[in-house]
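Colleague: Turn this into a structure:
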Amino acid sequence: MPPLVGTLAISYMASAFIPLRAGELVRAVFLGQRERIPIPAVIGTILVEKLFDFLAIAGLLALLMVLVPLPAAAQIAGFSIVGVIVIGFAFITALAIWRAPMLSVIGSIEARLPFGLGAGGRVQEAARNFAEGTDSLRVGRLWLLALAWTVVTWVLGTAATWAGALALGIHLELAAVLFWMVLTNSSQAVPSSPGYVGVYHAATTLALTTFGVDPATAVGIALLTHAFSYATLVVCGVIALWFGGYSFGDVLKGSRSRVGVAPVSAEL
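Modeller: Residues are numbered from 1 along each chain as shown. This next block holds a predicted model:
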């Protein structure tokens, strides 16, 4: 548990300073190095984690569409997003459970890629390495644990978001909080600026103004909630760096590493 907590804190801190969600790669490199686990396998476990997060977003979005009568275009977009998430989750689950047939299909697709992109079987090999991190999806008990902890995590996150608005004197209905959660977390799923500066604020402002919050107030809420969140992540990350024996240079090297290459050096 300590290496997991430490690398997680470091990766969140790294994403606050490095663009394109590079903190996720830092987590894979650091954890793979410390625990002697192939980096692609660690990335596979991160992929499973993100898939369950996307499943939670789909659940929040579905609940939002039940609570609020959205326009037709918004309903179509919502159902499309939910559909894409479910299809992606089904694909990764199939890769975990029916690994050999799925890798064979990937190999057949790779062989037909134009411009020599499928030369050397690199895509299939990468898929095989990633699949090693999805072994938990083969065990029913771990499915239930992952679903249970995902529910706990997102319920607490939603409650914290709601409490933050109340602390600033903004009383929001449940639908507004759900829309805020869906919009901010969906926008942060795409690699963007360090710490999602600007992205988070735009999504929060749009979500709150949609439910009648004054634009200036919405911007203030975005600035304060973002500052409190990322200040906490940075402090925890610095502490984890110190106790883990890493340096900021190691973080930068880890963010530039490639999957499958030797991990960065660090004094452990």
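
Colleague: measure L145 to R99 for me?
Modeller: Plainly put, L145 is 21 Å away from R99 if you go by CB to CB, to the nearest Å. For glycine as for every other residue, the C-beta is placed from the backbone atoms N, C-alpha and C.

Colleague: Need phi/psi at V197.
Modeller: Main-chain dihedrals, V197, degrees, to the nearest 10: phi -60, psi 130.

Colleague: Which stretches in the stretch 151-268 of the chain count as helices?
Modeller: Counting by DSSP state H, counting those that start in this stretch, the stretch 151-268 of the chain has helices at residues 174-188, 199-210, 215-244, 248-255.

Colleague: tell me the angle the first one makes with helix 215-244.
Modeller: Helix 174-188 runs at 60 degrees relative to helix 215-244, counting by axes from the mean of the first three to the mean of the last three CA atoms, to 10 degrees.

Colleague: Check the second one too.
Modeller: With the same axes, to 10 degrees applied, the angle from helix 199-210 to helix 215-244 works out at 150 degrees.

Colleague: buried stuff in stretch 223-240?
Modeller: Under the neighbour-count criterion of 16 or more other CB atoms under 10 Å, stretch 223-240 has 225-226, 229-230, 233-234, 236-237, 240 buried.

Colleague: contact partners of it?
Modeller: Residues outside stretch 223-240 that contact it (CB atoms under 8 Å, 6 or more residues apart in numbering): 5-7, 9-14, 16, 161, 164, 168, 195-197, 200-201, 204.

Colleague: Could you give the separation of that stretch from the chain centroid?
Modeller: 17 Å (CA atoms, centre = their mean, to the nearest Å).

Colleague: before we move on, what about stretch 162-177?
Modeller: That offset, for stretch 162-177, works out to 24 Å (CA atoms, centre = their mean).
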